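A.B. asks: What follows is a predicted protein model with its sequence.
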Amino acid sequence: MSVSQDGIILFNTRHALNALEAKTGTPLWSNNEMADDCPGLATSNAFITLSEHSLSSVETKTGKLLWQQALPNSLVELRAASEKYIVLNYQSDRIDVYDIENGLLLWTSPAERGYVDAYINGDIVYYVGDKIKALNGKTGDVIWEQELDITGSTFLSEGMLFYEGGNLFDESTANVVAFDLSKRKEIWRIQMDSRWLEEFLINGNILFLADANYLYALDKQNGRLIWQVKSSSPINLASVDNNIVAVEGFTRIVKAFDQDSGVLRGEIYMALPQMLLVEKEAISSWNDTLFLHNRDTIYAYRVKQP
């Protein structure tokens, strides 16, 4: 499930690919020929979807199929999309980049290992595995590359790449690093008293992290800790208005924290058994509304300010 810039929710059921108006839940269109297509990423006027057999671009407001490209196999993930390019990552150590306008394959590049993180910034495609690699979006030519001393979760925001990884000399800590891609320079590095850091989210000037016991808020410019709050395995972080929403693993509790102070604004208990584990792809937001998608149903929750 994803939400476009125009406030439209895209989701698939067993029978069709569907679109709803985010504000009201009003159905906008349904395409039963694309039931197998999983909603992926949104551009200014289209949704990019992925099935086991094809990559497609669907017009946001009408559901019209703009183009469809057959894929060689199903072991592939949609990693990034912009107004120019789409990046696919095959399990067989390969990156494919497509033209967003017509769906034509532009180039292919080997990756160091299986699935890697990929990002697009202007005309440059970055992917992060055992190294940061910058490639020309049009040609795939390598612009520069740099080895990493740690590997783990990554997040790109405004030309800054944030990444984390375990400390080889102290298994109870992890390093979090901010790297300026234009300057090819590390800006700051901090050590967290946590071995497990899996969640990254940036909203405004704050970098949010989560481990098994806490939700952390850091100043993204310098890594300074702003606040931390106790939470039980907070996962699937989402920014909803001026709040950070975390789904607690295995407790069925969804909590909303004020992003500036960490104050708990509210929580709900998900009584439905099928909501015990909510996948990352099934949670989204628009303005002050949180959306959870399960099977053939969309749940919308208003996150109110005090």
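C.D. replies: Happy to help now that I have it.
A.B. asks: neighbours of the nearest residue to F179 once chain neighbours are set aside, just the number please.
C.D. replies: In space, and not counting its chain neighbours, F179 is closest to L161: 4.6 Å by Cβ to Cβ, 6 or more residues apart in numbering. Using the backbone N, CA and C atoms, a C-beta is placed for each residue, glycine as well. For L161, the count of nearby residues is 22 (other Cβ atoms under 10 Å).
A.B. asks: Tell me what L161 is bridged to.
C.D. replies: L156, F179 (DSSP bridges).
A.B. asks: And it, how far from L181?
C.D. replies: Plainly put, L161 is 6 Å away from L181 if you go by Cβ to Cβ, to the nearest Å.
A.B. asks: My read is that A210 contacts S232, right?
C.D. replies: No - at 10.7 Å, A210 and S232 do not qualify as touching, with contact defined as Cβ atoms under 8 Å.
A.B. asks: Check the residue nearest to F179 and give its pLDDT.
C.D. replies: Reported pLDDT at L161 in the predicted model: 92.
A.B. asks: next one: the one 3 residues further on
C.D. replies: According to the model's per-residue confidence, E164 sits at a pLDDT of 83.
A.B. asks: now G25
C.D. replies: 91.
A.B. asks: hang on, it packs against I298?
C.D. replies: Yes - the pair G25 and I298 qualifies as a contact (Cβ under 8 Å) at a distance of 7.0 Å.
A.B. asks: Please say which of those two ends up with more neighbours.
C.D. replies: Taking neighbours as other Cβ under 10 Å, G25 and I298 compare with I298 leading, 18 against 12.
A.B. asks: for the more buried one, what are its contacts?
C.D. replies: Residues near I298 by Cβ atoms under 8 Å, 6 or more residues apart in numbering: 1, 9, 11, 20, 25, 291-292.
A.B. asks: Could you do S153 as well?
C.D. replies: S153 makes contact with 163-164, 197-200, according to Cβ under 8 Å, 6+ apart.
A.B. asks: CSV for those residues, including secondary structure, distance to I150 and neighbour count?
C.D. replies: Listed next are the contacts of S153 as CSV, based on DSSP: H, G, I helix; E, B strand; the rest coil; distance: Cβ to Cβ, whole Å; neighbours: other Cβ atoms under 10 Å:
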residue, secondary structure, distance to I150, neighbour count
Y163, strand, 7, 21
E164, strand, 7, 22
L197, coil, 11, 20
E198, coil, 14, 14
E199, strand, 17, 20
F200, strand, 14, 20
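A.B. asks: Dump the residues you listed to TSV, plus distance to Y115.
C.D. replies: What follows is the contacts of S153, written out as TSV (distance: Cβ to Cβ, whole Å):
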residue	distance to Y115
Y163	15
E164	17
L197	19
E198	15
E199	18
F200	16
